[in-house]
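Engineer: No sequence on hand, only this structure:
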């Protein structure tokens with residue numbers, strides 16, 4: 001069972017300055033409100049995650065903050081002089097320009113105009129020369145105000161920061177999707193912003209790239225708003241979560257995604273319990289008012305009338321003060337995978353597999369055996385042949401298995417190629433739960449580390465044209481292999497045992513790390529994390545069933561369990 005990523009929320013300094021103060025914000029495209037009375041703030045230095053179902057308004061909120069859109073109602077002031085940079089999901093500019101030209105932006109155009117002006121000055125005299133000299137002076141001033149003298153070195157430093165200093169002169173169409181994303185991040189950071197907004201920055205990145213991205217985000221000195229469905233990224237990098245629900249309301253939670261999910265479940269259970277208690281009180285008052293009204297009609301009495309008026313006032317006040325029913329959890333797709341039971345012990349047996357694409361060799365005499373009922377994750381850097389291998393298992397008919405087709409076909413071997421791509425968090429969790437109940441064999445290619453930890457019982461890494469098997473989920477695999485990925489792609493560890501890894505690298509001896517006591521604590525943490533995940537799912541189900549009293553009881557148990565896990569981490573460290 002997996003051990004989910006954990007992140008200690010960074011505390012915002014007490015004297016931090018507000019960058020954004022949103023109050024009563026609403027936005028309506030004309031077909032209905034997308035945001036309703038949203039209020040939140042972003043202060044200097046803090047890193048926040050922005051989550052919500054697809055279409056809930058996350059990108060719209062980002063465009064409102066940058067001023068690209070105007071709110072329908074409410075205010076969203078950005079501090080005077082504050083610089084806000086938005087990193088879009090994908091690069092959609094010209095493909096022929098180089099990374100350097102994109103980074104330098106208007107500086108390149110001004111440089112070209114200055115060179116042309118210099119040539120004209122060399123070839124003219126008299127009044128024409130004076131006019132050209134004035135034009136050149138104006139260009140020089142524009143060049144300086146655009147950061148021209150330092151622009152080149154700033155561009156190089158920014159690209160080096162994201163590991164792409166060697167790609168300065170590569171054209172954008174020559175870069176991979178992940179590299180283009182990193183160039184966009186570098187460009188945003190080169191402007192020394194007060195707030196950077198990143199819209200799905202993990203798109204197109206492999207494990208090494210995601211590792212690098214996390215180190216970039218954690219190292220930011222400016223404030224950051226990360227729009228993402230990547231739960232591991234959020235757990236590892238942010239100190240708070242802003243969530244947009246289906247009704248357009250905005251809520252804020254402390255910590256990463258996992259902590260926010262726990263707090264949301266507990267809050268819903270508490271609100272539901274209060275709602276039910278208030279309903280009982282209202283029912284009693286309504287019956288009492290009805291009885292007093294009947295008595296007043298049948299036996300006119302000033303005292304009874306006075307009592308009736310007092311009770312009606314009490315009922316009106318109780319209605320105003322009563323809690324609303326908590327919103328049900330985000331709608332998830334209903335997925336049930338029922339496969340035919342296989343009579344074979346081996347689901348897939350890859351023997352002496354060799355495959356090339358053009359002149360490039362992807363696999364050379366590779367072997368991989370997958371037992372029936374096993375759940376194996378296929379990982380490796382972009383371009384190593386993961387999807388190519390999966391297509392050879394599926395007969396080349398499809399490179400991504402659609403969930404709806406799986407349900408209809410009742411397959412007992414599922415070949416999944418990045419099944420969580422473009423899914424929001426509720427849909428990802430629905431797929432995870434369906435696969436957890438599936439009795440067949442699963443072979444999945446994925447860079448979603450949260451997903452791999454949830455469903456994979458072993459990992460096969462494609463390296464040097466062969467498969468290397470690792471028992472356990474992504475956490476165990478990454479713990480052994482993170483150093484190699486760091487050498488190849490940079491970054492820091494992104495394992496679910498991040499706190500343990502940081503302490504181990506900071507000086508704990510090998511003997512200490514391998515001691516029986518340490519191993520015992522690790523096993524207990526893994527076990528309790530599994531219990532925590534199960535408890536969260538149970539609380540969510542109880543909230544949906546409006547069994548709030550039981551959900552609240554389990555919420556208290558969940559808080560104690562989380563506290564125990566934190567204490568175990570402290571003991572390990």
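Structural biologist: Looks like it came in fine. Because the structure is a prediction, the values reported are computed rather than measured.

Engineer: Could you use CA atoms for every contact and neighbour count after this?
Structural biologist: Will do.

Engineer: Is residue 41 bridged to anything, and to what?
Structural biologist: Judged by DSSP bridges, the bridge partners of residue 41 are residue 21.

Engineer: thought it was touching residue 17?
Structural biologist: No: using CA atoms under 8 Å, residue 41 makes no contact with residue 17, being 10.4 Å away.

Engineer: Any regions of the stretch 251-400 of the chain where pLDDT drops low?
Structural biologist: For the stretch 251-400 of the chain, the stretches with pLDDT under 70 are 327-345, 394-400.

Engineer: Could you do the chain as well?
Structural biologist: For the chain, counting by pLDDT under 70, the residues that fall below are 1-16, 31-32, 145-147, 149, 327-345, 394-411, 483-515, 573.

Engineer: pull the longest helix from it.
Structural biologist: Determined from DSSP state H, the single longest helix within the chain is helix 257-298.

Engineer: So what's the residue count around residue 68?
Structural biologist: For residue 68, the count of nearby residues is 10 (other CA atoms under 10 Å).

Engineer: Which other helices and strands does the longest helix of the chain contact?
Structural biologist: If you count contacts as 3 or more CA pairs under 8 Å, 6 or more residues apart in numbering; DSSP states H and E, helix 257-298 packs onto helix 231-237, strand 240-244, strand 250-254, helix 302-321, helix 516-544, helix 548-572.

Engineer: swap the cut-off to 7 Å and go again
Structural biologist: Packing partners of helix 257-298 (3 or more CA pairs under 7 Å, 6 or more residues apart in numbering; DSSP states H and E): helix 231-237, helix 302-321, helix 516-544, helix 548-572.

Engineer: Pick the most buried one from these.
Structural biologist: Ranked by mean neighbour count, those are led by helix 231-237 with a mean of 26 (mean count of other CA atoms under 10 Å).

Engineer: Does that one pack against any helices or strands, and if so which?
Structural biologist: Under the contact criterion of 3+ CA pairs under 7 Å, 6+ apart, helix 231-237 touches helix 207-218, helix 257-298, helix 449-455.

Engineer: next helix or strand past the first one?
Structural biologist: Sequence-wise, the next helix or strand beyond helix 207-218 is strand 223-227, with elements assigned using DSSP states H and E.

Engineer: just how off-centre is that next one within its chain?
Structural biologist: From the chain centre to the centre of strand 223-227 is a distance of 10 Å (CA atoms, centre = their mean, to the nearest Å).

Engineer: Equivalent analysis for stretch 206-221, please.
Structural biologist: Per CA atoms, centre = their mean, the centroid offset for stretch 206-221 relative to its chain is 13 Å.

Engineer: related to what we said a few turns ago, pipe the helices and strands packed on helix 257-298 into TSV and attach distance to residue 158 per row.
Structural biologist: Output for the helices and strands packed on helix 257-298, formatted as TSV (distance: least, CA to CA, whole Å):
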stretch	distance to residue 158
helix 231-237	20
helix 302-321	54
helix 516-544	38
helix 548-572	35
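
Engineer: Go through stretch 212-219 and flag the buried ones.
Structural biologist: By neighbour count with 16 or more other CA atoms under 10 Å, stretch 212-219 contains the buried residues 212, 213, 214, 215, 216, 217.

Engineer: before we move on, the earlier item: any idea how far the longest helix of the chain is from the middle of the chain?
Structural biologist: 35 Å.

Engineer: before we move on, back to that, and which of the buried residues of stretch 212-219 is nearest residue 465?
Structural biologist: Residue 465 lies nearest to residue 212 out of the buried residues of stretch 212-219, by CA to CA, at 24.0 Å.

Engineer: ok, the closest one to residue 218 distance?
Structural biologist: Separation of residue 212 from residue 218 (CA to CA, to the nearest Å) stands at 10 Å.

Engineer: Next: residue 554.
Structural biologist: 33 Å.

Engineer: Now residue 64: closest residue in space that isn't a chain neighbour?
Structural biologist: residue 70 (6.1 Å; CA to CA, 6 or more residues apart in numbering).

Engineer: give me phi/psi at the one you found?
Structural biologist: phi -110, psi 140 (degrees, to the nearest 10).

Engineer: Verify the contact between it and residue 61 for me.
Structural biologist: No: under the criterion of CA atoms under 7 Å, residue 70 is not in contact with residue 61, lying 10.1 Å apart.

Engineer: Looking at these two, which one has more neighbours?
Structural biologist: Taking neighbours as other CA under 10 Å, residue 70 and residue 61 compare with residue 61 leading, 22 against 15.

Engineer: Assign the more buried one to helix, strand or coil.
Structural biologist: What DSSP: H, G, I helix; E, B strand; the rest coil gives for residue 61 is helix.

Engineer: got it, and residue 89?
Structural biologist: Residue 89 - assigned by three-state DSSP - is coil.

Engineer: phi, psi of it?
Structural biologist: phi -60, psi -40.

Engineer: tell me the contacts of residue 178?
Structural biologist: Contacts for residue 178 (CA atoms under 7 Å, 6 or more residues apart in numbering) come out as 203, 204, 205.
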